[in-house]
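In: return atomic coordinates for the entry below.
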Amino acid sequence: MTAPAGLSASKKFVRARMRTGFVRSRNSLVPAVQMTVCAVGAYSFAEYILGHKGPLFAATSSLIALGFSRDPRLRRVVEVGLGCTLGIVIGDLLLHWLGSGVWQAAVVLLFSILLARFLDSGTIFTTQLGLQSLLVVLLPAPEGGPFTRSIDAVVGGVFALLVTMLVPKDPRREPRQDVRKLLHELSEVLRECADALINSDSTQAWHALIRGRNCQPLVDRMRQSLKASGEVATLAPAYRRHRDELTMLAESLDSIDLALRNSRVFARRLTSAINHAALTDEATDSISEVLQDTSAAVEELSLGLAEVHDGARRAHLRRARQDLADIATRLHPKMLHVRKLEGEAVVMLFRPLMVDLLEAAGMDPREARDVLPPLQ
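Out: Numbering: from 1, shown residues only. Take a look at the predicted model:
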């Protein structure tokens, strides 16, 4: 007797969810240990060294500063400490003028949130400022005065920075993972465009356009990773030698971002060209071959930018530059057997995308443009 389809699907979902959870927990083991040691250490220092009673903000601020967010840690530390201090000041002033009570707490919280948003866009800063001002109105001050909490927040932030400096993670790991995902998606966009041409399927080209649009969050995520990684490489003596590599990744990301934008423009034009039968069979074969070759070269580029070892990275990048340059020399409408104006527009839109990819692979911008065949 077979199990119902719904039950079978539920079991598969639960198994997949547990497998994903175990992988995520395993990958988070080292950061979790760091966060635990940091929080307990900050709490113990504030309690036993500074004499603060129940210094919860020392532990919580260290957890917030270290957390799993991709935001730079130094910014989080400043947001926690400054937000905590300003929140206490505002709460005390309004408490003196308005008195304590529920409606006063509502006024204080509303004013604090709006002031925080006026001063800074950081969510942690807003949360800390609002929370502290609210606690000042609703709860009695701790022993040592209300600014004890502010000192505890600073202690937690300092402990988080010490952990970042003394026991850092490799700042290149997340940007490498991000650039590999990003370039894989770009490669798939180009491959889908090639398939759309071969199959004369404008819908498939439109799907490639949608896929390209969905890459923007990956670009933003990598920018956040590079900011945080650059901070770690600056603070941690063990990783300062990697700042040049992070700078190279940041420069490559700018070019990859432009390539993705150009791929979306290209896919949109390709959709129109397929709908209007603007390409002959010979041109279709030539352009689809260019797209497939470019997709393979982009995968090679991703291997180079994500490679750990310097020698292998240089070899992959050199091969990617050579492959992309060979493709670029073919990007002329006549060489690709294009005869109609709309077909020529497809080729012309692909040329800047190729320049962006050559720059992402480390080629000088002028040299990358010179690789393209002249249009005269």
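In: tell me how far R261 lies from A360.
Out: For R261, the distance to A360 equals 13 Å [Cβ to Cβ, to the nearest Å]. Where C-beta positions appear, they are placed from N, C-alpha and C, glycine not excepted.
In: out of these two, which sits in the busier spot?
Out: A360 (30 against 18; other Cβ atoms under 10 Å).
In: any idea how far L63 is from the more buried one?
Out: For A360 relative to L63 (Cβ to Cβ), the value is 37 Å.
In: cool, L358 as well?
Out: 44 Å.
In: between those two, which one's more packed in?
Out: Taking neighbours as other Cβ under 10 Å, L358 and L63 compare with L358 leading, 27 against 16.
In: got a list of what that one touches?
Out: Applying Cβ atoms under 8 Å, 6 or more residues apart in numbering, we find L358 in contact with R321, L324, A325, A328, E367, A368, V371.
In: go on, F147?
Out: Per Cβ under 8 Å, 6+ apart, neighbours of F147: T85, I88.
In: please parse the protein into its domains.
Out: 31-166, 173-371 (automatic domain parsing).
In: compare those and say which comes out lowest on pLDDT.
Out: For the domains of the chain, mean pLDDT drops lowest on domain 31-166, to a mean of 79.
In: and it, how far apart are its ends?
Out: 13 Å (Cα to Cα, to the nearest Å).
In: and Q292, how many neighbours?
Out: 17.
In: now the residue nearest to it when sequence neighbours are not counted: how far from S200?
Out: Excluding its sequence neighbours, the residue lying closest to Q292 (Cβ to Cβ, 6 or more residues apart in numbering) is A194, at 4.8 Å. Between A194 and S200 the computed distance is 12 Å (Cβ to Cβ).
In: V308 now?
Out: Going from V308 to S200 by Cβ to Cβ gives 43 Å.
In: quick one: which of the two has more around it?
Out: Using other Cβ under 10 Å, the more surrounded residue of V308 and S200 is S200, with 14 against 10.
In: now that one: phi and psi?
Out: phi 50, psi 50 (degrees, to the nearest 10).
In: cool, and L372?
Out: For L372, the backbone dihedrals are phi -60, psi 140 (criterion: degrees, to the nearest 10).
In: hang on, it packs against I327?
Out: No - if you go by Cβ atoms under 8 Å, L372 and I327 don't touch, sitting 10.3 Å apart.
In: and these two? which has more neighbours close in?
Out: Ranked by neighbour count (other Cβ under 10 Å), L372 and I327 place I327 first, with 21 against 18.
In: ok so, going back, neighbours around the residue nearest to Q292, how many?
Out: As a burial measure, A194 scores 24 neighbours (other Cβ under 10 Å).
In: helices of the stretch 51-200 of the chain, residue ranges please.
Out: Taking DSSP state H, counting those that start in this stretch as the criterion, the stretch 51-200 of the chain contains helices spanning 56-66, 73-98, 102-119, 123-138, 148-166, 173-199.
In: again but with the stretch 201-350 of the chain, I slipped
Out: 202-213, 216-235, 243-275, 281-306, 310-328, 341-360.
In: out of the ones you listed, which gets nearest to V136?
Out: V136 sits nearest to helix 216-235 of all those, at 31.6 Å, using Cβ to Cβ.
In: the closest one packs against which elements?
Out: Secondary-structure packing of helix 216-235 (3 or more Cβ pairs under 8 Å, 6 or more residues apart in numbering; DSSP states H and E): helix 73-98, helix 148-166, helix 173-199, helix 243-275.
In: so what's the residue count around the closest residue to V355 other than its chain neighbours?
Out: The spatial neighbour of V355 that comes closest, neighbours along the chain excluded (Cβ to Cβ, 6+ apart), is A368 at 4.7 Å. Each residue near A368 was counted by other Cβ under 10 Å, and the total is 23.
In: so A368 is in which element?
Out: A368 is part of helix 365-371, with elements assigned from DSSP states H and E.
In: same check on G21?
Out: Under the criterion of DSSP H and E, G21 resides in helix 5-27.
In: just how off-centre is that helix within its chain?
Out: Helix 5-27 sits 26 Å away from the centroid of its parent chain (Cα atoms, centre = their mean, to the nearest Å).
In: tell me which other helices or strands the helix or strand just after it touches.
Out: For helix 5-27, the following helix or strand on the C-terminal side (DSSP H and E) is helix 29-44. Applying 3+ Cβ pairs under 8 Å, 6+ apart, we find helix 29-44 packed against helix 56-66, helix 148-166.
In: for the last one, buried residues please.
Out: In this case it means helix 148-166. 148-161, 163-164 (16 or more other Cβ atoms under 10 Å).
In: give me the distance from that helix to the chain's centre.
Out: With Cα atoms, centre = their mean as the basis, helix 148-166 stands 26 Å off its chain's centre.
In: so who does V371 touch?
Out: A325, A328, T329, L358, M363.
In: out of the helices and strands packed on helix 216-235, which comes closest to K334?
Out: Closest to K334 of the helices and strands packed on helix 216-235 is helix 243-275 (Cβ to Cβ; 16.9 Å).
In: can you give me how far that closest one is from the chain middle?
Out: Taking the mean of its C-alpha atoms, helix 243-275 sits 16 Å from the chain's own mean (Cα atoms, centre = their mean).
In: try stretch 242-252
Out: Distance, stretch centre to chain centre, for stretch 242-252: 15 Å (Cα atoms, centre = their mean).
In: buried ones in that stretch, by neighbour count?
Out: Neighbour count says stretch 242-252 has H242, E245, L246, L249, A250, S252 buried, by 16+ other Cβ under 10 Å.
In: before we move on, the earlier item: and G83, which of the helices of the stretch 201-350 of the chain is closest to it?
Out: helix 216-235 (19.1 Å).
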